[in-house]
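In: What follows is a predicted protein model with its sequence.
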Amino acid sequence: MFMIAGIAVGASAAPAFAHAALESTVPTAGTILKNSPSRIDLRFSEPISVSRESVRIIAASGERVKTVPATGVPGSPGLMRQRVPVLDNGTYVVTWRIVSADAHPVRGAFTFSVGEVSSGGAGKNIANDFLSGGTTHRSVDIAYAVVRGLVYLAMAILIGGVFASIFVWRRALEHQRVRRLLWTAWSGLLFLTLVAFGLQGSYAAGANLQGIVDTSLWSNTWSTRIGTVLFIRMLLVLALLPSMLLIKNPARKVWWAPLTIVLLVGIAITPGLGGHASVGSQSWVAMFADAAHVLAMSAWMGGLVLLVVLATSGKTEEAIESMPIWSRVATVSVLVVSITGVARGYRELGGVSDILGSTYGRLLSLKVGLVLVALLIATLARDAVQRRWELDSEELAAADEERESLISAGEKPAKRRGHSLVPDETGVSTLSYVLPELTARRRLLRSVFAEISVLIFVIGVTAVLVNTAPAKSVRSGPWSATLEVGELLADVDVSPARTGANEVHLTLNASGGGPAQVLDVAVEFSLPSADIAPIDVEMRSAGIAHYTSVGFTPPVAGDWTMTLKVLVDPITEKSAIATVPIR
């Protein structure tokens, strides 16, 4: 419930797209070619995965042009190429849908003509239907986020539970409830990874939940990077099977612990291989930090769950006796989680303004806030450990004996409130410092339960965060969008979307298909946050229904407001507004 609540909080604002950006096309959008092109090239801002259905070419009649599947280009990971048969004269719509390097789908459409412009047909209608109906179904978005969160939870319990069984509670694997917990996490991780593989096909293709059993979508996923990563994870989980079968008595197998640890580390690496860490500069450093983050979080979360299982299954003494060791392990885990989390956040944010000025930054801030709450709760558990199980046995015995004597005499032992302080350094008596064993256990378990609840919520927010475009990638140019301007469809590109000289390209498509015939277009940019009034950008014709800017030089970075005005006839003007991030 806590994890689903975390997903619900983040999913309400998480965008479905905004990762790899289309930089250029050959032929250029809106152009009229003398002869049929032999190929169509689409170049993107980062490496992409291409599937059989990545490119579709629709004629003005609405019929799809039969083509061989699109392919990538060796040596150019951001380039997709579609071989084209000889096309008849007329206007064609190219719709494309790819998977960016961080596993998120991106789609778009543009038009071009051969010989002449079609007088009617597909044009805007096909492109608009594709762009409005081709988005990921909300049910798939939610299902994928929930499955991803459950994957992270199962991964944390499996990795952290095994680590804690090896290094902290070394007799934990002798108990059936602990083994049942790890078996549940193992089987859950395997099953959920398989489900995630099926959902990725629907997620990338814009299909509904029924697409999870569509074998053609499976083949599309198989050809992508995320599909390979999910398959590798399934193999690593299956490779753990011998270790799971020998889990009852691993001491008899010298190789059990080292092999199990290697496989678990491999599993912890997989989220980074298929996520944001694998994209951008210094990706290997980012993936190392991501794996360390996953391992530390798993050690923290899995250890807490194992502690609760032991403490609630009649093994309280066994759970308590290793609390000093666990306390140190948890402290190191928290430090690693904090350091790697800050490093990863710094890498994905474009600047300080993005902390609260972007969806990614707000979700990251929520996650950091929840982790701080968990740390605050953890101090209560730490206090209980310090004031009971980290003290000298003679000191404990003396305090307990003194307390019993006071109770027998009808007196109430004095209580000391506040955080733990070392008795002999503060002048606080041993009796008022040392917690009674029952009180310490109750305080410890309450804080651990609360800590686990908050961390489950953190996992839910993380499941949404990894599906959200990092602020830095959102701001990375060039910027492109398809806007509805009345009955027209406008393809707008701003390149490189940085301070200094920029080019604005505009292509207008009519409602019946093909380039739109208009009297005039006007574009202006403003930056209200910096009190910059609208700046008119002169647009010149670069072909039929294709316009390019004479010069646009934004002086400062920020989220600029672009207003596009189209004079359709002498008395009719249509407009559209969009936000263009300038770095």
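Out: Structure's in. What do you need? Source: prediction; values computed, not measured.
In: tell me the contacts of the closest residue to S575 other than its chain neighbours?
Out: Distances taken as C-beta to C-beta, 6 or more residues apart in numbering put K565 closest to S575, at 4.7 Å, once the chain neighbours are dropped. C-beta: built from backbone N, CA, C; applies to glycine. With contact set as C-beta atoms under 8 Å, 6 or more residues apart in numbering, K565 has these partners: V521, A522, V523, E524, E573, K574, S575.
In: Now list the buried members of those.
Out: When these are checked for burial by 16 or more other C-beta atoms under 10 Å, the buried set is V521, V523, E573, K574.
In: And these, which is closest to A501?
Out: V523 (15.6 Å; C-beta to C-beta).
In: so how far is A510 from the closest one?
Out: Between V523 and A510 the computed distance is 19 Å (C-beta to C-beta, to the nearest Å).
In: One more: I269?
Out: According to C-beta to C-beta, I269 and A510 sit 51 Å apart.
In: and the residue nearest to S575, helix, strand or coil?
Out: Under DSSP: H, G, I helix; E, B strand; the rest coil, K565 falls in the strand class.
In: Any idea what it is bridged to?
Out: Here K565 sits in beta bridges with A522, S575, as judged by DSSP bridges.
In: what's the closest non-adjacent residue to the spatially most central residue of the chain?
Out: Taking C-alpha atoms, centre = their mean, the centroid of the chain lies closest to V466, which sits 0.7 Å from it. Residue nearest to V466 in three dimensions, not counting chain neighbours: G275, with 5.4 Å by C-beta to C-beta, 6+ apart.
In: L465 is in contact with the one you found, correct?
Out: No - in terms of C-beta atoms under 8 Å, G275 does not count as a neighbour of L465; the distance is 9.8 Å.
In: Which one of those two is surrounded by more residues?
Out: Neighbours were counted for G275 and for L465 using other C-beta atoms under 10 Å; L465 has more, 24 against 21.
In: Would you mind measuring from the nearest residue to that one once chain neighbours are set aside to P258?
Out: Nearest residue to L465 in three dimensions, chain neighbours excluded: L363, at 4.8 Å (C-beta to C-beta, 6+ apart). With the distance defined as C-beta to C-beta, L363 ends up 37 Å from P258.
In: D141 too?
Out: In this view, D141 and P258 are 40 Å apart by C-beta to C-beta.
In: the more surrounded of these two?
Out: Ranked by neighbour count (other C-beta under 10 Å), D141 and P258 place D141 first, with 19 against 10.
In: my hunch is that that one is in a helix, does that hold up?
Out: Yes - with three-state DSSP as the criterion, D141 is assigned to a helix.
In: quick one: pLDDT of it?
Out: According to the predicted model, the pLDDT of D141 comes to 76.
In: now A16
Out: A16 is assigned a predicted lDDT (pLDDT) of 38.
In: again, but for M301
Out: What the model reports as pLDDT for M301 is 90.
In: ok, now how distant is it from A330?
Out: Using C-beta to C-beta, M301 is found at 10 Å from A330.
In: Closest one to A481 out of the buried ones among the contacts of K565, please.
Out: Using C-beta to C-beta, V523 comes nearest to A481 of the buried ones among the contacts of K565, at 13.0 Å.
In: contacting residues around that closest one?
Out: Neighbouring residues of V523 by C-beta under 8 Å, 6+ apart: V504, L506, D536, V537, M539, S549, M562, T563, L564, K565.
In: Count the residues that sit near the residue nearest to E174 when sequence neighbours are not counted.
Out: Distances taken as C-beta to C-beta, 6+ apart put K248 closest to E174, at 7.6 Å, once the chain neighbours are dropped. Around K248 there are 12 other residues, counting by other C-beta under 10 Å.
In: And G149, by the same measure?
Out: 24.
In: that's a strand at it, yeah?
Out: No - with three-state DSSP as the criterion, G149 is assigned helix and is not in a strand.
In: That one - nearest residue in space that isn't next to it in sequence?
Out: Ranked by C-beta to C-beta, 6+ apart and with sequence neighbours excluded, the top spatial neighbour of G149 is A463, at 3.5 Å.
In: would that neighbour count as being in a helix?
Out: Yes - secondary structure of A463 (three-state DSSP): part of a helix.
In: Quick check: it touching V146?
Out: Yes - the pair formed by A463 and V146 meets the contact definition of C-beta under 8 Å, at 7.4 Å.
In: residues contacting S139?
Out: Applying C-beta under 8 Å, 6+ apart to S139 gives the contacts N208, L209.
In: got it, and S495?
Out: Residues counted as contacts of S495 (C-beta under 8 Å, 6+ apart) are E23, G477, P478, W479, N502, E503, H505.
In: Please, a PyMOL command that selects the buried ones among the residues you listed?
Out: Selecting only the buried entries of the contacts of S495 in PyMOL, with 16+ other C-beta under 10 Å as the criterion:
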select buried, resi 23+477+478+479+502+505
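In: Can you pick out the most distant pair from the contacts of S495?
Out: Of all pairs drawn from the contacts of S495, the one with the longest distance (C-beta to C-beta) is E23 and N502, at 13.7 Å.
In: any weak-confidence spans in the stretch 301-450 of the chain?
Out: Residues of the stretch 301-450 of the chain meeting the criterion pLDDT under 70: 316, 350-351, 353-354, 357, 385-437.
In: repeat that for 50
Out: Applying pLDDT under 50 to the predicted model, the residue ranges of the stretch 301-450 of the chain that meet it are 416-429, 431.
In: so where do the helices sit in it?
Out: Under the criterion DSSP state H, counting those that start in this stretch, helices of the stretch 301-450 of the chain are mapped to 316-321, 323-348, 354-357, 359-386, 393-408, 423-426, 430-433, 437-465.
In: The helix or strand in which S24 is found: what's the following helix or strand?
Out: Using DSSP states H and E, S24 maps to strand 22-26. Using DSSP H and E, the helix or strand that follows strand 22-26 towards the C-terminus is strand 32-33.
In: Give me the helices and strands touching the helix or strand harbouring S187, please.
Out: Using DSSP H and E, S187 falls within helix 176-205. Other elements packing on helix 176-205 under the criterion 3 or more C-beta pairs under 8 Å, 6 or more residues apart in numbering; DSSP states H and E are strand 90-100, strand 105-114, helix 138-167, helix 215-222, helix 225-239, helix 241-245, helix 283-311.
In: would JSON lines of these with distance to G558 be doable?
Out: Formatted as JSON lines, these follow (distance: least, C-beta to C-beta, whole Å):
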{"stretch": "strand 90-100", "distance to G558": "25"}
{"stretch": "strand 105-114", "distance to G558": "24"}
{"stretch": "helix 138-167", "distance to G558": "29"}
{"stretch": "helix 215-222", "distance to G558": "38"}
{"stretch": "helix 225-239", "distance to G558": "33"}
{"stretch": "helix 241-245", "distance to G558": "54"}
{"stretch": "helix 283-311", "distance to G558": "27"}
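In: This completes my enquiry, with thanks.
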